[in-house]
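> from the sequence below, what's the structure:
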Amino acid sequence: MDERNRRAFFLGVVGTLIVFAVLLFVVGAERVIDSLLSADPMFVLATFALALGWLAAWSLMLRTVLGSLGVEIPVVTSFFVYTGAVFANNVTPFGQAGGEPIAALLISKVSDSEYETGLVSIASVDVLNVVPSISLILIGVGYYTTTTTTA
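You can find the predicted model right below:
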């Protein structure tokens, strides 16, 4: 990792830690820690593992979309890029609309591709993310409507 990327990486880590510190201050670190300590450790570990699995699956989707656009990116790099994109979507105003330009810039810098290619790839992954989300909603609503009665 060259000096410029190392500096950007460390700034990103520091920024992330600052955001988490502010969130813990606002929510109350004691309440978060008490909740984690009172929870079953297996459930906490399972939640963490499922979150990593979700990030890994969608980062592979990003890698596939980039590959179809002629941009090769290593698996580990795609994981960190997608994780950065998700983080940007969650901390910028307007969610997806605010985070996507940052994610596109990150993709273009990491993969040495054009900014527009990065924007198309992350937007495509988000569109592909909508399909299973809506399917799960429809299945849940369908199950709920067929199993509950109204009085």
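
> average pLDDT across stretch 82-97?
For stretch 82-97, mean pLDDT rounds to 81.

> next, the buried residues of that stretch.
82, 84-89, 92, 96 (16 or more other CB atoms under 10 Å). Just so you know, the C-beta spots here come from the backbone N, C-alpha and C atoms, and that holds for glycine as well.

> which elements pack onto the helix or strand where residue 99 lies?
If you go by DSSP states H and E, residue 99 is part of helix 96-111. The elements that helix 96-111 packs onto, with contact taken as 3 or more CB pairs under 8 Å, 6 or more residues apart in numbering; DSSP states H and E, are helix 41-68, helix 75-91, helix 115-147.

> so which of the ones you listed is nearest residue 6?
Minimum separation from residue 6 across those (CB to CB) falls at helix 75-91, 13.8 Å.

> what's near enough to touch the residue nearest the centre of the chain?
Geometric centre of the chain, nearest residue: residue 86, 2.8 Å, by CA atoms, centre = their mean. Each residue near residue 86 by CB atoms under 8 Å, 6 or more residues apart in numbering is listed here: 55, 99.

> the buried residues of stretch 82-97: which two are farthest apart?
Largest separation among these by CB to CB: 82 and 92, giving 15.7 Å.

> list the contacts of the nearest residue to residue 123 once chain neighbours are set aside.
Sequence neighbours aside, residue 100 is the residue nearest to residue 123 in space, at 6.3 Å (criterion: CB to CB, 6 or more residues apart in numbering). Residues near residue 100 by CB under 8 Å, 6+ apart: 85, 88-89, 119, 122-123, 126.

> just send the residues you listed back as a markdown table, with distance to residue 137 too.
As requested, the contacts of residue 100 are exported to a markdown table (distance: CB to CB, whole Å):
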| residue | distance to residue 137 |
| --- | --- |
| 85 | 23 |
| 88 | 25 |
| 89 | 19 |
| 119 | 27 |
| 122 | 23 |
| 123 | 21 |
| 126 | 16 |
